[in-house]
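In: how does the following fold in three dimensions:
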Amino acid sequence: MTPDNAKSESLTAVTVILVVSDAASLDYLQNILQFIDCDVHVPDSAEELQRLVERFGDRSVSVFLSGNMPDGDRSAYLSAIGECSPRPALIQIHEKSGDEMLVSGDVLGTLRLPCQYDAITSLLHKAQVFAESQRHGEAPRRPLELFRSLSGNSRATRGINKMIEQVADSEATVLILGESGTGKEVVARKLHYHSKRRGRPFVPVNCGAIPGDLLESELFGHEKGAFTGAITARQGRFELAEGGTLFLDEIGDMSMHMQVKLLRVLQERTFERVGSNRTIHCNVRIIAATHRNLEQSIKEDLFREDLYYRLNVFPIDVPPLRERVEDIPVLVNDLIQRIEHEKRGSVRLTPAAVTALTHYRWPGNVRELANLIERLAILFPYGVVDVADLPEKFRAGIPIVVNETAEDDVLPVVSTHGDQPNTVSSMPRLPAEGIDLKVHLANMEQSLIRQALEESNGVVAHAAKKLKMRRTTLVEKLRKYGLHRGQELTGV
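Out: Take a look at the predicted model:
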């Protein structure tokens, strides 16, 4: 793997704690890990290591521990790691011959220096799966409401959630059908977290994003020397998902050659790594998804009919957002709550703005709606968004009513957490770390002044009347916020 390819891997949510005694080795590893966008920390003591693990416990945390350090120091670090909850992934570093290597089930893998990028990324991906299994193994069964992207009250959404409840605890292979952005992976994750396998890994693979000649190695793994660039042996996704669920996204893009190999695994529950004759038995539940019409692909000789019937044991069809517009208010509510929970601000939409969204066709489905809400939260922080504030394509054909937006016209956000699931709040919740109230109120004031000016066609006297303030007071505020610059105002 080249450095560029390594950097493209999804490792931005990985925290690495380096416990390496040799300064040159420490510098070498820091440079590589930072280049591939890992969050790297070097503790001064075992106590600091524990504090770091606790601080980043909600992420994938890996501890790289040197084999070339005094026994007392290493024992202290190992003891600290053993006391951490959730436990971080432990990767030992082999710097030179003579290093004392641990032989323990607690060790996820060994990294020999100097190393290849693909050796590091392989271990880090393995650590991510380990971290996910740790979290889900300790977590109670999750309620359906926690998975927000498929929220809604439409008949279609209620039907999908009912099917998920019915099939989750079975071992049936599920085929999820639907356009891009409808939430197929959300359905797959719900199936996993409501199944008997929820304490084991959920491993997703996008078959359409991996070149055909690499997909076999990605799924089944490879042995050292199996092909040019295979410097070390590597586990495939089937091995990483052992006991859990393997989600094969965009399976309709898989080559015919790989379809044959996958069919064999589904039939016999065995496979071989690339470059090996050793048969490996697997215990994995398969969930597949595609945006393609597989029956049409069969007619065009692009998909195997026998594989289709193996996968299509229990089909779930996720309708596009334009066919379940009743869900849009609930989804908007959910997406705003998510932004607030992640402490990225807040925003409110008037009922008229939400109505305008229900008239849009949503070619990008829920993913496009999520992008829009995030954009509005950036443009109107803690503000109120009306139809006129929406990008043009989302308000095409919707008449813009020019009137004052009263507090009662703001769409409230319904909290679905806590002891009172139907609590309504028309104001953003105070973040845990607090907010700068002056800045918050100033932003809201500017937003309302802009709206009043737009609705008054730039006539300050009319805008002042809408805002129930003296004209001279509004002029002062326009100067204070610099809103008179570059705008056509009358009577300033």
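In: do you know how far residue 179 is from residue 395?
Out: 23 Å (C-beta to C-beta, to the nearest Å). Any C-beta I mention is one placed from the backbone N, CA and C, and that applies to glycine too.
In: what of residue 441?
Out: 28 Å.
In: more neighbours, these two?
Out: Comparing residue 441 with residue 395 by neighbour count (other C-beta atoms under 10 Å), the higher total belongs to residue 395, at 20 against 12.
In: quick one: contacts for residue 56?
Out: Going by C-beta atoms under 8 Å, 6 or more residues apart in numbering, residue 56 touches 15, 39.
In: let's go with 6 Å and repeat that
Out: Taking C-beta atoms under 6 Å, 6 or more residues apart in numbering, we find residue 56 in contact with residue 15.
In: can you check the pLDDT for it?
Out: Per-residue confidence (pLDDT) for residue 56: 81.
In: if I look at it, how far off is residue 41?
Out: In terms of C-beta to C-beta, residue 56 sits 8 Å off from residue 41.
In: mind listing the helices for the stretch 101-250 of the chain?
Out: Under the criterion DSSP state H, counting those that start in this stretch, the stretch 101-250 of the chain contains helices at 117-138, 155-167, 184-193, 212-220, 237-240.
In: okay, the ones you listed in a markdown table with mean pLDDT and mean neighbour count next?
Out: A markdown table is the format used below for those (pLDDT from 0 to 100; neighbours: other C-beta atoms under 10 Å):
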| stretch | mean pLDDT | mean neighbour count |
| --- | --- | --- |
| helix 117-138 | 70 | 20 |
| helix 155-167 | 92 | 16 |
| helix 184-193 | 93 | 22 |
| helix 212-220 | 88 | 18 |
| helix 237-240 | 93 | 21 |
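In: what's the closest of those helices to residue 465?
Out: Set against residue 465 and scored by C-beta to C-beta, those come closest in helix 155-167, at 44.6 Å.
In: which residues are contacting the host helix or strand of residue 287?
Out: Using DSSP states H and E, residue 287 sits in strand 285-290. Contacts with strand 285-290, where a contact means C-beta under 6 Å, 6+ apart, come from 173-176, 184, 188, 191, 197, 245-252, 311.
In: let's see it at 7 Å
Out: 171, 173-177, 184, 188, 191, 197, 245-252, 266, 311 (C-beta atoms under 7 Å, 6 or more residues apart in numbering).
In: put the alpha carbons of that strand into CSV.
Out: Taking C-alpha atoms only, strand 285-290 is exported to CSV below (Å, rounded to 0.1, in the frame of the first residue of the first chain):
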residue,chain,number,x,y,z
ARG,A,285,-24.4,-13.5,9.3
ILE,A,286,-24.6,-11.9,5.8
ILE,A,287,-26.6,-8.8,5.2
ALA,A,288,-26.4,-7.3,1.6
ALA,A,289,-27.6,-4.1,0.0
THR,A,290,-27.8,-2.6,-3.4
